[in-house]
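Undergrad: I'd like to go over a predicted model; first the sequence, then the structure.
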Amino acid sequence: MGARRLLFASDFSESSQEAVGEVAALAQHLGSEVIVTNVQSTQWRVWFSSRLDNRHRAERLELLAERFRARGVPARPEFAAEGDVARTLVGVAEFEDVDLIAIGATQRPSWPLRRSTAELLVRYARRPVWVSKPRARSAGPTHLLCGVDGSAASREALLLANDLVRRLRGRLSVVHAVGNPTFNPLGMAEAEVNEHAGAHRAEVERAITQFVRDARVDVEPRFLWGEPAQVLCAFAEEEGADAIVIGRTGKGALQHVLLGSTANQLLRDPCCSLLLLGEGQDPLFQARDLREPATHRAQPGASPEPLR
């Protein structure tokens, strides 16, 4: 993952300020220039904002860039006007041709159907998104945990995590959550149920182990019973992982509301930092070499292309 440019979106909140150290450490390892930006949502109070308010925001961005430069990371502010936060950030990312978008973990919205900025950003972005929630006393991300389920999206996440961990000179853990076997245990003896469950787990372990080997990742996967989000967070807490890397597959809006996905569950209540593939990326093909220049640039604030 050769990231020439990294976009750090700050809302000047406490979580955003706490993310600076981790994002700076990430940029150092990747050799990235950091572009810091801020977007205000288009609400009624924006209409009463003055030029003085804009100057204040610009000055805060410059102070934020100085914090990165003090850590030896090239950084510059990029002032963004008001607008839809997630879509404007996607426009800035396209215009600046960044390779990674970083944002502090936002609080869970009070209304269940409302999406956080991080959730919307992952949905619209074509670049990987780093949602920063650093652990206490963490010197930077060195232990990555990648969740795999055998899908094309999880293969992309695995390749991304494997490349990134080499650049971080850290270590990678790979985990698969073993779901319930698809058989009806009604009327079965306990021994028979255990036999079917054991056979199911053995088949899952064989398939996922081969999946990891086919990706040419030299890590033995771990297998744990349970729901994926719970399994990944439990493993991360027990093993001290700094970030969870996961792919994301697109679903319809109704499915998001009724079922949710592993990515959505993790974004709603992150247990540590997250690295997610943007839903705008095509998980069926390997991501482009991040060191190659883009063929075109979009204007800041422009609406992204329709999701695939």
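TA: Received the coordinates, thanks. Numbers count the residues shown, from 1 in each chain.

Undergrad: Could you use CA atoms for every contact and neighbour count after this?
TA: Will do.

Undergrad: how deep is Cys177 tucked in, by neighbour count?
TA: Not quite, residue 177 is Ala, not Cys. 20 (other CA atoms under 10 Å).

Undergrad: Kindly provide the distance from it to Thr117.
TA: 27 Å (CA to CA, to the nearest Å).

Undergrad: Same question for His29.
TA: For His29, the distance to Thr117 - CA to CA - is 26 Å.

Undergrad: same deal with Ser13?
TA: In terms of CA to CA, Ser13 sits 13 Å off from Thr117.

Undergrad: before we move on, what about Gly240?
TA: Separation of Gly240 from Thr117 (CA to CA) stands at 26 Å.

Undergrad: Settle it for me: which of these two has more neighbours?
TA: Set Gly240 next to Thr117 and count neighbours by other CA under 10 Å: Thr117 wins out with 22 against 14.

Undergrad: Roughly how far does the more buried one sit from Gly147?
TA: 23 Å.

Undergrad: Residues in contact with the helix or strand harbouring Glu203: which ones?
TA: Assigned by DSSP states H and E, Glu203 belongs to helix 190-214. With contact meaning CA atoms under 8 Å, 6 or more residues apart in numbering, helix 190-214 is reached by Val148, Asp149, Gly150, His176, Val178, Pro181, Pro185, Asp218, Val219, Glu220, Pro221, Phe223.

Undergrad: Would you mark the buried spots in that helix?
TA: Val193, Ala197, His200, Arg201, Val204, Glu205, Ile208, Thr209, Phe211, Val212 (16 or more other CA atoms under 10 Å).

Undergrad: Stretch 59-72 now?
TA: Arg60, Leu61, Glu62, Leu64, Ala65, Glu66, Arg67, Phe68, Arg69.

Undergrad: Just the ones in helices from those residues, please.
TA: Arg60, Leu61, Glu62, Leu64, Ala65, Glu66, Arg67, Phe68, Arg69 (DSSP state H).

Undergrad: now, which of the buried residues of helix 190-214 sits nearest Ala157?
TA: Ala157 lies nearest to Val212 out of these, by CA to CA, at 11.4 Å.

Undergrad: how much space is there between that closest one and Leu61?
TA: For Val212 relative to Leu61 (CA to CA), the value is 42 Å.

Undergrad: same check, this time on Ala118
TA: On the measure of CA to CA, Ala118 and Leu61 end up 20 Å apart.

Undergrad: Any stretches of the stretch 101-250 of the chain with poor pLDDT?
TA: 107-114, 136-139, 183, 249-250 (pLDDT under 70).

Undergrad: can you pull out the strands in it?
TA: With DSSP state E, counting those that start in this stretch as the criterion, the stretch 101-250 of the chain has strands at 129-132, 143-147, 171-178, 222-225, 243-246.

Undergrad: just how off-centre is the helix holding Glu203 within its chain?
TA: In this view, helix 190-214 has its centroid 29 Å away from the chain centroid, taken as CA atoms, centre = their mean, to the nearest Å.

Undergrad: outside of whatever helix or strand Thr37 lives in, which residues touch it?
TA: Element membership for Thr37, per DSSP H and E: strand 33-38. The contact list for strand 33-38, computed with CA under 8 Å, 6+ apart, reads 4-11, 27, 57, 61, 64-65, 68, 73-80.

Undergrad: Now the strand or helix carrying Thr88: buried residues?
TA: Thr88 is part of helix 85-96 when elements are defined by DSSP H and E. Using 16+ other CA under 10 Å as the burial criterion, the residues of helix 85-96 that qualify are Val85, Ala86, Arg87, Thr88, Leu89, Val90, Gly91, Val92, Ala93, Glu94, Phe95, Glu96.
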